[in-house]
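> A structural model of the following input is requested.
(one chain, ligands or ions: 2)
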Amino acid sequence: MPNHDIERLKNLLGTHNDFPKKGIVFKDLFPIFQDPVAVETLISNVVHHINSTYEEKIDVVVGLDARGFLLGPLVALRLGAAFVPVRKQGKLPGECVSAVYEKEYGQDVFEMQKDAVKPNARVIIIDDLIATGGSAGAAGELVKKCGATTVEYVFVMELGFLNGTQKLDAPTYSLIQL
Ligand SMILES: O=P(O)(O)OC[C@H]1O[C@H](OP(=O)(O)OP(=O)(O)O)[C@H](O)[C@@H]1O
Ligand SMILES: Nc1ncnc2[nH]cnc12
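Ligands and ions are numbered 1, 2, ... in the order given. Now for the predicted structure:
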């Protein structure tokens, strides 16, 4: 992604100290969505990265609750892929696979509808940010439980000092290093 695009997106991010808990420096993606040109820059860079890295078709884009839902459908539409949500426990109807995980500020449970991702599907997992890697790692487990393959984990922001990508079992791509 060109440096001037990275800088423009970086400048739009919000920073909030001690949210949602004391000691956490919270990075807010939402201001980017107030600027349609910035959204276009963000999504087209992600799609260009995926199309220029992987020759074989991506079948499914999995987006993580909640901010992965802003990114996943836009990317999936442009790739001609399905979009499938991973949600916090108790929100999805029907038979689900589930995984417990630890994240930067607590423990949670993720679920995904079992039939939504078919065995052998090629999957991209997308989220706004990777911190400890707990959330993305749990999503990867859910994809595996469906018999599918995570081709890559994609993030807008990476908190590199937490080494979250080391927890993941596939390549990762982050637009902005923080
Ligand atoms: O790498 P990790 O340490 O797992 O942290 C990253 C996750 O934390 C945030 O979501 P959060 O759990 O706050 O949920 P929300 O989007 O519903 O607010 C963020 O959007 C990622 O999903
Ligand atoms: N520092 C942070 N900012 C935004 N989302 C997060 N999720 C986990 N850590 C976060």
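
> show me the contacts for the most centrally placed residue in the chain.
Residue closest to the average C-alpha location in the chain (CA atoms, centre = their mean): D127, at 1.8 Å. D127 is in contact with 63-64, 67-68, 71, 135-136, 139, 153-155, counting by CB atoms under 8 Å, 6 or more residues apart in numbering. Bear in mind the C-beta positions are built from the backbone N, C-alpha and C, glycine included.

> report pLDDT for E104.
For E104, the pLDDT comes out at 76.

> quick one, what contacts it?
E104 makes contact with 24, 131-132, 134, 159, 162, according to CB under 8 Å, 6+ apart.

> mark which of these are buried, thanks.
Neighbour counting with 16 or more other CB atoms under 10 Å marks 131-132, 134, 159 as buried within the contacts of E104.

> ok, which pair from those is furthest apart?
The most widely separated members of those are G134 and L159, with 12.2 Å between them, by CB to CB.

> give me the helices and strands touching the biggest helix by length in the chain, please.
Criterion DSSP state H: the longest helix present in the chain is helix 36-53. Packing partners of helix 36-53 (3 or more CB pairs under 8 Å, 6 or more residues apart in numbering; DSSP states H and E): helix 3-12, helix 68-79, strand 149-158, strand 172-177.

> what would those look like in a markdown table with distance to Q166 and mean pLDDT?
As requested, the helices and strands packed on helix 36-53 are exported to a markdown table (distance: least, CB to CB, whole Å; pLDDT from 0 to 100):
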| stretch | distance to Q166 | mean pLDDT |
| --- | --- | --- |
| helix 3-12 | 23 | 95 |
| helix 68-79 | 20 | 98 |
| strand 149-158 | 12 | 98 |
| strand 172-177 | 10 | 98 |
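
> can you narrow the contacts of D127 to ones near ligand 1?
Restricting those to those touching ligand 1 (CB under 6 Å from any ligand atom) yields 64, 67, 135.

> quick check: of those, which lies closest to ligand 1?
Comparing these against ligand 1 with CB to the nearest ligand atom places S135 closest, at 3.3 Å.

> got phi/psi on G94?
Backbone torsions for G94, taken as degrees, to the nearest 10, come to phi 80, psi -180.

> that one: neighbouring residues, count only.
G94 is flanked by 8 other residues according to other CB atoms under 10 Å.

> the residue nearest to it when sequence neighbours are not counted - how many residues pack around it?
Counting by CB to CB, 6 or more residues apart in numbering, G94 lies nearest to Q113, which is 5.4 Å off, once chain neighbours are set aside. Around Q113 there are 18 other residues, counting by other CB under 10 Å.

> out of the contacts of D127, who's the most crowded?
Tallying neighbours with other CB under 10 Å puts A136 at the head of these, with 32 neighbours.

> residue contacts, that one?
Taking CB under 8 Å, 6+ apart as the criterion, A136 is in contact with 64, 125, 127, 130, 153, 155, 164, 167-168.
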